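[1] Return a 3D structure for these sequence lines:
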Amino acid sequence: MKTFSILIPIVILLTINPVSAQTEYITKDGYLAAGSEEDFDKATKYLIDEDYDSLQILLDDGKVIKLKKDLIVFVVDSHVRKGKVEIRPKDHDLVLWTNTEAIKKKKKKRKS
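    Numbers count the residues shown, from 1 in each chain. Below is the predicted model:
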């Protein structure tokens, strides 16, 4: 019975998503983001292949953007195993795919 009572809190902790939708994150400068996973994957492949002309077409068509530094975003869904995250800029309903490295937790301001 002790084992059962110890396992319940562990199972609960493991099922909780570590990324809260209410946690604010900020973007890092220069990372790519796209409105669909497919476009994001294409852009990533073009970068790896050093096919900058094809990447520029995605940028020119507005299918991919370069993130600006310090944009406040919320995590919609995290795909850690894939190295991707879906983010939503604060005060917008647009969802973007980007690298997990493209965001970091926003530091809370200390009260003086």
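[2] Every contact and neighbour count from this point should use C-alpha atoms.
    Noted.
[3] shaky segments in the protein?
    For the chain, applying pLDDT under 70 flags the ranges 1-21, 110-112.
[4] can you give me the helices in it?
    2-15, 37-48, 52-60 (DSSP state H).
[5] excluding its backbone neighbours, what's nearest the residue nearest the centre of the chain?
    With distances taken as C-alpha atoms, centre = their mean, residue 85 lies nearest the centre of the chain, 3.0 Å away. Distance criterion C-alpha to C-alpha, 6 or more residues apart in numbering; nearest residue to residue 85, sequence neighbours excluded, is residue 78 at 4.5 Å.
[6] So what's the residue count around that neighbour?
    Counted with other C-alpha atoms under 10 Å, the neighbours of residue 78 add up to 19.
[7] Then residue 69?
    Residue 69: 14 neighbours (other C-alpha under 10 Å).
[8] just residue 49 next, same as before
    Residues near residue 49, counting by other C-alpha under 10 Å: 9.
[9] Kindly report the same for the one 4 residues further on.
    When counting by other C-alpha under 10 Å, one arrives at 11 neighbours for residue 53.
[10] Could you measure from it over to residue 60?
    For residue 53, the distance to residue 60 equals 10 Å [C-alpha to C-alpha, to the nearest Å].
[11] hmm, back to that, pretty sure the residue nearest to the centre of the chain contacts residue 98?
    Yes: Residue 85 lies in contact with residue 98 (C-alpha atoms under 8 Å); the separation is 5.6 Å.
[12] which one's the longest strand in the chain?
    strand 72-79 (DSSP state E).
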